[in-house]
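Undergrad: Sequence first, predicted coordinates after that:
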Amino acid sequence: MALNANALTTLAMAKTYLKIPTLETSKDTLVEFWINVASQRLEQETRRKLLQQALTEYHHGRASNILLLREWPIASAPFPQVFVDMSSQFPASSEVPSSEIVITDDGNSLLLVGRQFPRGYHNIRVDYTAGYSVVPPDLENACLWLVSWYDAARENKDIGRESKTKGDETTSFLQDAPKDVRDTVLNYKRTEVPSAWAPVFNT
């Protein structure tokens, strides 16, 4: 099994974390599977794409000069391409000059300089790249902890169960995460949800 494009760690790092010798390859396929599952789970928990990728979004014009994009941080290279076309055909001539576009300091919005995006339905298209080009250490640590959790759950034959009960004590596996792992998920989690987002398509 190969690692998915959104994998938040490497096989070598996961094996080190799990204390599996480098030359021991019998569990490589399973570890790669856990990495893919853990990476997907973190995207679901944070409600965003975490690794850098090319994206295309369609937005409704709202007579505002700011456009909140779905993914961040927005990369400055390649610089986002913004098209405004009331017919939603978006020919090359509808592209807004890059000199009129500014990426906000928080890296999740575009500002249109000197004018507003006209009101319309799906009359704005943005081609851009967003996400982390290098996995932040705390995100990789969260992914590695999840990998070890899945592996331990399998060894204990607890996979697929949300909690276990022993006597009068019930333990939730998700609540077993260390505080720094839980904090990491919260730090990266999407908190702002615009009232209406157009569909997002990967390119």
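TA: Cool, the structure landed.
Undergrad: The residue nearest to the spatial centre of the chain and Ser109, how far apart?
TA: Central residue check for the chain by Cα atoms, centre = their mean: the C-alpha nearest the mean position is that of Lys49, 1.8 Å away. Distance, Lys49 to Ser109, using Cβ to Cβ, to the nearest Å: 16 Å. The C-beta positions use only the backbone N, C-alpha and C, and glycine is treated the same way.
Undergrad: just Asp85 next, same as before
TA: 21 Å.
Undergrad: same deal with Ile124?
TA: 13 Å.
Undergrad: Could you list the buried residues of stretch 139-152?
TA: Using 16 or more other Cβ atoms under 10 Å as the test for burial, stretch 139-152 gives 139-151.
Undergrad: how far does stretch 53-68 stretch from start to finish?
TA: 17 Å (Cα to Cα, to the nearest Å).
Undergrad: any idea of the mean pLDDT for it?
TA: Across stretch 53-68, pLDDT averages out at 96.
Undergrad: now do stretch 152-163
TA: pLDDT averaged over stretch 152-163 gives 63.
Undergrad: Name the residues that touch stretch 30-37?
TA: 1-4, 7-11, 14-15, 18, 20, 143, 146-147, 150-151, 154 (Cβ atoms under 8 Å, 6 or more residues apart in numbering).
Undergrad: what is the nearest residue to Phe117 once chain neighbours are set aside paired to in the beta sheet?
TA: With Cβ to Cβ, 6 or more residues apart in numbering as the criterion, Phe117 has its nearest non-adjacent residue at 4.3 Å, and that residue is Gly61. Gly61 has these beta-bridge partners by DSSP bridges: Gly120.
Undergrad: wait, what's in contact with Gly61?
TA: By Cβ under 8 Å, 6+ apart, the neighbours of Gly61 are Val84, Phe117, Pro118, Arg119, Gly120, Asn123, Ile124.
Undergrad: My read is that the fifth one contacts His59, right?
TA: Which is Gly120. No - if you go by Cβ atoms under 8 Å, Gly120 and His59 don't touch, sitting 9.4 Å apart.
Undergrad: so who does the closest residue to Gln40 other than its chain neighbours touch?
TA: Leaving aside its chain neighbours, Gln40 sits nearest to Asn6 (7.0 Å; criterion: Cβ to Cβ, 6+ apart). With contacts defined as Cβ under 8 Å, 6+ apart, Asn6 is in contact with Ser39, Gln40, Glu43, Lys49, Leu50, Leu51.
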